[in-house]
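# this one's sequence-less:
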């Protein structure tokens, strides 16, 4: 269950020929209300794709009736014609669902700089909206089809659900490469039947993404198309405490984040870089992110090599507060460095499990943060050197 | 010819067992004067190796009589004992050359977090200083031996020389992985027989490194041990115009920089990322550096894939002044993107040559800069996943 777990949402995933494989490549999620409240977080990349430019306009009133998502092309750097394609897609959805195009979010993912085939998109919208209108549009299978249709190099669909006192929040995500902050080449749709205002949804979503999707930094590359959307139908009739809702939403986001990490392109290890003893959360994030972006560190992890010198070399590039010779480093529970000197033997570190935990104690304060990343592997190079061809 | 090209310098490279291969691993360069003026640029990494901590003290008076360099170990994060090893190495050189230990720079390169064997170092210093004192310490062969002894994963020694009206500047460099700014995991020794004061050397060296070594960003990783040193013997008796000297020095630095790029670990392409139309040099460097650090872009280049969307996705992460939809991109002479829209077909771009030129026109000003980088290859992953083992 994912986007159809909450009451008031219909979904579909269809194949319209955008993917050369013939797989599912277009999804629609329809919020049948009674509310059509929404919040979104978009990529902070200044080179924004056409669907982002469109969806930013849609979000000005916080009202979203439907979202249409396609894989098979990012519709980014495709100029005026590309924007018209996005616009026409929203219009097609609106016409079929008898809603306003100004309430239709559009998301695209795939190669940059190539025009999308509008005829295929339109046919896909026709099929998907017909499927949505079917009685099984609210089914688990419909949610799974939508989660499958947004996949690119993902090897499996990603879904998560949490339920509480009479309301539910669930979602789907895609993203396998270009995973980095602000956000992580991801398209995420989260739905809830809780009764919440757009401003409350916005507050909850920003709070949740800040400590989940924004902490996933698989390969340091930021996408032009990232969108995380949260749609509320209000159909449960229940207005939860915002803190309780934010907590459940954060759990859904964290669940999806870890699924994205586990399916990152070519990855052989899932690495959690935890910084403690920082004077601020910003410092902890800066330090952990620097390590997550060190290709030398990431290649060493791939080789099961506990090369903690590469951890410290990355830490030293940051402006965080610390004494460079007062730092401890532990890898998978073995404290290899204490106060800047070798401690336990690196030979004791077992990096053969997929899960790797790097603990860095700055001994400067009492705050911490974790960044999730992956190793740098032959498969990553292979997948990303052959992507467009 | 390299460090022995200028008159007044003796060099040697010997094997003392730090490298398990048995190769040359310790070099000494002796400035026999009459001047012992010097300038240095050290890594801006806050996690500095012991030789950096030592050499920073040596540089306080701008006087350097000799420099001793070893491969086979970085002597970084090795604590008090590691600092004592650096100190003892300088003392050994000083005693053998009858100079002050406070005038001996020390450089180390290799794995972080492992103690160096002081007995081997001392024996190496003994051999090297004896060789330096031999008549052929000023020979081309001696310079080559020194350039060879500082190699780690380098496949060839790197040397460069420029001569002008009665004076000469020449140097050697090592560096193959962890090539990034401030500086590029490099050890560089440059010598000159020009008559210049330490302050003049410092000004010339900072001017030269700013547009050469600091513009090399092979893999985005910053070393703990980088040192670029410039030693002046004054033995030519000629005091050049500082501008002419800086120009020759910059040529030597650029020559060495391009040799480092061409020998970067596992690289299959040498990529020049040239940004023009920027409002400031800082903007141009920021944009070019962001592209040079995009693993997705670098993997695409390895695959001979002119994926210009990944160029723009990296450009969009910067804070430089530009209109995101007013940017042009050309790859190896083919303008694939004009004002944010596809222009010539990507199929026209030939990335099979080792040299790749990416030209990004921001159309925001009239300043530019180039960053030199490499592609992300299977061999890079292989070399850096198996380094410590």
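Now that the structure is in, tell me what you want to look at. Only a predicted model underlies this, so the values are computations on that prediction, with no experimental measurement involved.
# name the helices or strands packed onto the helix ranked longest in chain A?
When secondary structure is assigned using DSSP state H, the longest helix within chain A turns out to be helix A:242-262. Under the contact criterion of 3 or more CB pairs under 8 Å, 6 or more residues apart in numbering or on different chains; DSSP states H and E, helix A:242-262 touches strand A:158-163, strand A:168-174, strand A:187-192, helix A:198-210, strand A:270-278, strand A:367-374. (C-beta placed from N, C-alpha, C; glycine too.)
# switch to 10 Å and redo it
Under the contact criterion of 3 or more CB pairs under 10 Å, 6 or more residues apart in numbering or on different chains; DSSP states H and E, helix A:242-262 touches strand A:158-163, strand A:168-174, strand A:187-192, helix A:198-210, strand A:227-232, strand A:270-278, strand A:367-374.
# what about the stretch 151-300 of chain A, any weak spots by pLDDT?
In the predicted model of the stretch 151-300 of chain A, residues A:176-185 satisfy pLDDT under 70.
# Could you give the number of residues near residue A:100?
15 (other CB atoms under 10 Å in any protein chain shown).
# Tell me who's in contact with it.
A:36, A:58, A:63, A:65, A:66, A:90, A:91, A:94 (CB atoms under 10 Å, 6 or more residues apart in numbering or on different chains).
# from these, which ones fall inside strands?
Secondary structure assignment (DSSP state E) places residue A:66 from the contacts of residue A:100 within strands.
# The contacts of residue A:100: which two are farthest apart?
By the measure CB to CB, these have their two most distant members at A:36 and A:91, which lie 17.6 Å apart.
# more neighbours, these two?
Relative neighbour count places residue A:36 above the other of residue A:36 and residue A:91, with 23 against 16, counting by other CB under 10 Å.
# Look up how far residue B:348 lies from the residue of the stretch 101-250 of chain A found nearest chain B.
Shortest the stretch 101-250 of chain A-to-chain B distance, computed as CB to the nearest CB: residue-wise this is residue A:112, at 2.3 Å. Residue A:112 is 18 Å from residue B:348, where distance means CB to CB, to the nearest Å.
# Between these two, which is the more surrounded one?
More neighbours surround residue A:112 than the other of residue A:112 and residue B:348, with 25 against 13 (other CB under 10 Å).
# Chain neighbours aside, what residue packs nearest to that one?
residue B:309 (2.3 Å; CB to CB, 6 or more residues apart in numbering or on different chains).
# OK, contacts around the one you found?
Applying CB under 10 Å, 6+ apart to residue B:309 gives the contacts A:47, A:49, A:74, A:76-78, A:110-114, A:224, A:388, B:296-297, B:300, B:329, B:336-337, B:342, B:346.
# State the three-state secondary structure for it.
Counting by DSSP: H, G, I helix; E, B strand; the rest coil, the backbone at residue B:309 sits in helix.
# sorry, back to before: pull the distance from the longest helix of chain A to the chain's centre.
11 Å (CA atoms, centre = their mean, to the nearest Å).
# Just the buried residues of stretch A:80-89, please?
Along stretch A:80-89, these residues count as buried under the neighbour rule (16 or more other CB atoms under 10 Å in any protein chain shown): A:82, A:83, A:85, A:86, A:87, A:88, A:89.
# got it, and stretch A:121-140?
Here stretch A:121-140 shows A:121-129, A:131-132, A:137-138 as buried, counting by 16+ other CB under 10 Å.
# residue contacts, residue A:274?
With contacts defined as CB under 10 Å, 6+ apart, residue A:274 is in contact with A:284, A:288, A:330, A:357-361, A:368-372.
# hmm, I was thinking of residue A:127
Contact partners of residue A:127, counting by CB under 10 Å, 6+ apart, are A:12, A:13, A:14, A:15, A:16, A:26, A:28.
# how does it look with 6 Å?
By CB atoms under 6 Å, 6 or more residues apart in numbering or on different chains, the residues touching residue A:127 are residue A:14.
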